[in-house]
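> Here is my input, please return the structure:
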Amino acid sequence: MSKYFEIGSRKLSISLIEDILIKNKKLRLSKSCIIRIKKSRKYLEDSVSDKTLIYGVNTGFGSLCNNKIPINQINKLQENLIISHACGTGEVINHEIVKIILILKIHSLCLGYSGVRLSLVNFLITLYNKAIIPVIYEQGSLGASGDLAPLAHLSLPILGKGHVIYNGRKISSKKALKKENLNPIKLSYKEGLALLNGTQFMSAFCTWSIIQSKKMSYFSDLISSISLEAFSCRHEPFTDLVSIVRPHKGQIETGKNILKILKSSKAFFSNNNYTQDPYSFRCIPQVHGATKDVINYVNNVLEIEINSVTDNPIIFQKHDKIISGGNFHGQPIAMAMDYLAISLSELGNISERRVFNLLSGERGLPNYLIQNAGINSGFMITQYTAASIVSQNKQLCTPSSVDSIVSSNGQEDHVSMGANSAIKLFKVVNNLNTILSIELMNSVQALELKKVKSSKIVMNFIKSYRKKVPFINHDVILSEYIFKGKEFISNYL
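Sure, this is the predicted structure:
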């Protein structure tokens, strides 16, 4: 199996990016990609002159677009652009997301519409392959005109400026390049703009979130199956007959998943002590299924985005045109990420309700899932924690994409705020992981208190989980087990 992924040879997909990350593959350019890059650059070189104004090549940026730049200063213009736009602040973003940003930026330049030199693309590939990861901050992008501030920080190491994560430490880019015997490069015209224009910051967060969302969706089904067993719920709401008359794809898939997970459980298919179950159990196919449908929708939007040209201006070498447009505007992906955040928040919302029921002392379970309740509070406060996080997620789900603030002296008068959508989505995903860890801890405790033998899938899952989190007989500090549960969920698949 190749240790390399030939970038530019085919369209990117979420699964391809995940494979690159998991297998720690290095990148290299395909032959067809090299040809595209060279042709695009040659066309731009032939087009640059004193007489023709090309936005961002021999003009200023944003509202300065009518300011003509002398030919002898157009390279300096690009370096100044990177330096002046590196205005990011807030938390340093996850290094895995930065790796995705690099993959997406390299792929975008490989499409052959940006007019950059081959040497620039190769330098970015070298940064990726040698694990010189630029330090990028959460805040600073409006999600239009490209993710300007974050992508400026991504680009600083090219100039030997800014900071990177190298061998697990934050050091200056200059030091990291020196350790790898690399020299900073001088940017040429259009290159700074090509690096900064694009939706790669937003798209990388969305890519990471989709990868995690698919895992969280699976674990929501698996963990809720344990809760169904522990709360003596009926199996009928998960049958094909119910879904056939309301055939949403996600609902059908969820019903099948639950029945598959609990297939060899005798108890689940014989539970008939209760006429109906609470919605948080009975409506799992409808709620989890709706989230699955949203994940698939956002996946499709994102795969269009990451294979698109979001640069400006765009160089159409075959059509003999250089067009200044608005493909950098993040509205399509901003709205999709807001939608995804809402759908994931709902997985946490319904999970917390199942925790509430498991702790209620109903259906043969002791109050707060502990013997000697009173002297012991058991799992009481785990529901408080879950409720707090669910409430936070609801606040995070206020759409960022409905907002816009005028910038660049009015030239950029409508923006997507998609970067804020991305950061909120990232937090919702992490919060959901915590909520599911709490439900898992409660559901496994409840099932073992019931002394019910579940299906092979569930029992094997619990066996692995119990290596990290024990059965609780008396009050203990539960926080550490919530963290261990999160780690377990993250590493199980």
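
> so after the longest helix belonging to the chain, what's the next helix or strand?
Using DSSP state H to define each element, the chain has its longest helix at helix 418-450. Using DSSP states H and E, the helix or strand that directly follows helix 418-450 along the chain is helix 456-465.

> quick one: that next one to helix 418-450, angle?
Helix 456-465 and helix 418-450 are oriented at 100 degrees to each other (axes from the mean of the first three to the mean of the last three CA atoms, to 10 degrees).

> Only the buried residues of helix 456-465, if you could.
Residues of helix 456-465 classed as buried by neighbour count (16 or more other CB atoms under 10 Å): 457-458, 461-462, 465. Where C-beta positions appear, they are placed from N, C-alpha and C, glycine not excepted.

> Run through the stretch 351-493 of the chain and note the low-pLDDT ranges.
Along the stretch 351-493 of the chain, no part satisfies pLDDT under 70.

> The same query, at a cut-off of 90, please.
For the stretch 351-493 of the chain, the stretches with pLDDT under 90 are 371, 407-413, 452, 492-493.

> Quickly name whichever of the buried residues of helix 456-465 is closest to residue 437.
Checking the buried residues of helix 456-465 against residue 437 with CB to CB, the nearest one is residue 465 at 10.1 Å.

> which other helices and strands contact the longest helix of the chain?
strand 137-139, helix 200-230, helix 331-358, helix 380-396, helix 456-465, helix 479-492 (3 or more CB pairs under 8 Å, 6 or more residues apart in numbering; DSSP states H and E).

> from the middle of its chain, how far away would the first one be?
It refers to strand 137-139. 15 Å (CA atoms, centre = their mean, to the nearest Å).

> Strand partners (parallel or antiparallel) of it?
strand 89-92 (antiparallel) (DSSP bridges).

> and the partner strand, average pLDDT?
For strand 89-92, mean pLDDT is 96.

> Identify each buried residue in that strand, please.
For strand 89-92, it's none, nothing buried (16+ other CB under 10 Å).

> Spatially, what comes nearest to residue 106 if we skip its sequence neighbours?
Distance criterion CB to CB, 6 or more residues apart in numbering; nearest residue to residue 106, sequence neighbours excluded, is residue 124 at 5.1 Å.

> Quick one: residues contacting that neighbour.
Counting by CB atoms under 8 Å, 6 or more residues apart in numbering, residue 124 touches 102, 105-106, 109, 158.

> Report the inter-axis angle for the longest helix of the chain versus helix 380-396.
Helix 418-450 and helix 380-396 are oriented at 160 degrees to each other (the same axes, to 10 degrees).

> what angle separates helix 418-450 from helix 331-358?
20 degrees.

> what angle separates helix 418-450 from helix 200-230?
Using the same axes, to 10 degrees: helix 418-450 against helix 200-230 is 20 degrees.

> I figured residue 146 hits residue 197, correct?
Yes - with contacts counted by CB atoms under 8 Å, residue 146 reaches residue 197, the gap being 3.8 Å.

> Give me the more crowded residue out of the two.
Counting neighbours by other CB atoms under 10 Å for residue 146 and for residue 197 shows that residue 146 has the greater number, 29 against 26.

> Quick one: residues contacting that one.
196-199, 310-312, 328.

> Return the member of the residues you listed nearest to residue 418.
Comparing the contacts of residue 146 against residue 418 with CB to CB places residue 199 closest, at 7.0 Å.

> surely the closest one meets residue 336?
No - contact between residue 199 and residue 336 fails when scored by CB under 8 Å: they sit 11.3 Å apart.

> Among those two, which residue is more densely surrounded?
Neighbour count, other CB under 10 Å: between residue 199 and residue 336, residue 199 has more, with 32 against 27.

> domains in this structure, as residue ranges please.
Listed by automatic domain parsing, the domain ranges of the chain are 4-198, 205-315+325-492.

> for the helices and strands packed on helix 418-450, which one sits closest to residue 35?
Among the helices and strands packed on helix 418-450, the nearest to residue 35 by CB to CB is helix 200-230 (23.0 Å).

> need the next SSE after the closest one, C-terminal direction.
Taking DSSP H and E, what comes next after helix 200-230 is helix 240-244.

> elements contacting that following helix?
Contact here means 3+ CB pairs under 8 Å, 6+ apart; on that basis helix 240-244 packs against helix 249-261.

> on that earlier part again, and which of the buried residues of helix 456-465 is nearest to residue 287?
The closest of the buried residues of helix 456-465 to residue 287 turns out to be residue 458 (CB to CB; 20.4 Å).

> ok, the closest one - contacts?
Residue 458 neighbours (CB under 8 Å, 6+ apart): 222, 225-226, 229, 261-262, 265, 447.
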